[in-house]
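Undergrad: my questions concern the predicted model and sequence given below.
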Amino acid sequence: MLRIVEDYRNYLRIERGMSPNTVASYSRDVQGMLDYCELTPPGQIGTEQLEGYLSERIGEGLSKRSQARMLSAFRSFFNWCIDEGERKDNPCDGLESPKLGRYLPQVLSVDEVTAIMDSVDVSSVSGKRDRAILEVLYGCGLRVSEAADLRISHVYLDEGFISVVGKGNKERVVPLGGMASRAVKEYLQVRPGSASAQFDDVLFLNRFGRK
């Protein structure tokens, strides 16, 4: 069983280009299901066994969102098994995903954002960097990981946009507003040297010259 999970993990990572967190979650879900069905080869696992496993996990307090992710992992795994010739059908076809309620994300008010921006001491190099990070996060709507991975060569200050590589290595172009652009320019004027060549193109560096 360990070998098939490892092969599936490589498929998600290499062929599907999924993020490390998603690969880890899907692999963990599939491993748990296979452990539950330990006497049944993956090619013979049926819908009833999946229902039994899910019922057991729900009894342990598994949330609807986790149930949905788990079913998505199982569908992906069994579709991969079909592609690999391990089976001809997907036992998840007989299962329904739980209905997830819509929720409104908590957001900061304009005054709260302004207070955060004003709290940064821009008299220091790290302060100019932090202000630029906050402006890019807020003004461009980036994830923290996307801001950390941002490259100088992907920032087009004169044209007013940045190129961002997000989940699944998908690239998108994001407008760069005036305040964010000015903050990045001010940081670039004092940006320290990188610790090694591999960080030369990384926009935001820590005090050790690394990403």
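TA: Nice, thanks for sending it over.

Undergrad: CA only for contacts and neighbour counts going forward, please
TA: OK.

Undergrad: count of residues packed around V184?
TA: When neighbours are counted by other Cα atoms under 10 Å, V184 registers 25.

Undergrad: okay, and it sits in which element?
TA: For V184, the host element (DSSP states H and E) is helix 178-190.

Undergrad: tell me the mean pLDDT over that helix?
TA: For helix 178-190, mean pLDDT is 93.

Undergrad: after the longest helix along the chain comes which helix or strand?
TA: For the chain, the longest helix by residue count, based on DSSP state H, is helix 64-83. Counting by DSSP H and E, the next helix or strand C-terminal to helix 64-83 is helix 110-118.

Undergrad: list the helices and strands that following helix packs on?
TA: Contacts defined by 3 or more Cα pairs under 8 Å, 6 or more residues apart in numbering; DSSP states H and E place helix 110-118 against helix 125-140.

Undergrad: tell me which other helices or strands the helix it packs on touches.
TA: Here helix 125-140 touches helix 110-118, helix 144-149, helix 178-190, going by 3+ Cα pairs under 8 Å, 6+ apart.

Undergrad: can you point out the buried residues in the last one?
TA: So that's helix 178-190. By 16 or more other Cα atoms under 10 Å, the buried positions in helix 178-190 come out as 180-181, 183-184, 186-188.

Undergrad: and if you look at stretch 25-38?
TA: Buried, per 16+ other Cα under 10 Å, within stretch 25-38: 26-31, 33-34, 37.

Undergrad: which residues are contacting the worst-scoring helix or strand of the chain on mean pLDDT?
TA: When each helix and strand of the chain is scored by mean pLDDT, DSSP states H and E, helix 110-118 comes last, with a mean of 84. By Cα atoms under 8 Å, 6 or more residues apart in numbering, the residues outside helix 110-118 that reach it are 131, 134-135.

Undergrad: still on that earlier bit, gap between the longest helix of the chain and the chain center?
TA: Remark: helix 64-83 is offset 18 Å from the chain centroid, using Cα atoms, centre = their mean, to the nearest Å.

Undergrad: CA atoms only for it, dumped as CSV, please.
TA: Output in CSV follows, covering the C-alpha atoms of helix 64-83 (Å, rounded to 0.1, in the frame of the first residue of the first chain):
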residue,chain,number,x,y,z
LYS,A,64,-18.2,19.0,6.2
ARG,A,65,-15.3,20.9,4.7
SER,A,66,-12.9,18.1,5.6
GLN,A,67,-15.5,15.5,4.2
ALA,A,68,-15.6,17.4,0.9
ARG,A,69,-11.8,17.5,0.7
MET,A,70,-11.5,13.8,1.5
LEU,A,71,-14.0,12.9,-1.2
SER,A,72,-12.1,15.0,-3.7
ALA,A,73,-9.0,13.1,-2.7
PHE,A,74,-10.7,9.7,-3.1
ARG,A,75,-12.1,10.7,-6.5
SER,A,76,-8.7,11.8,-7.7
PHE,A,77,-7.1,8.7,-6.4
PHE,A,78,-9.5,6.3,-8.0
ASN,A,79,-9.5,8.2,-11.3
TRP,A,80,-5.7,7.8,-11.2
CYS,A,81,-6.2,4.1,-10.6
ILE,A,82,-8.4,3.9,-13.7
ASP,A,83,-5.7,5.7,-15.8
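
Undergrad: please name every helix or strand in contact with it.
TA: With contacts taken as 3+ Cα pairs under 8 Å, 6+ apart, helix 64-83 sits against helix 20-36.
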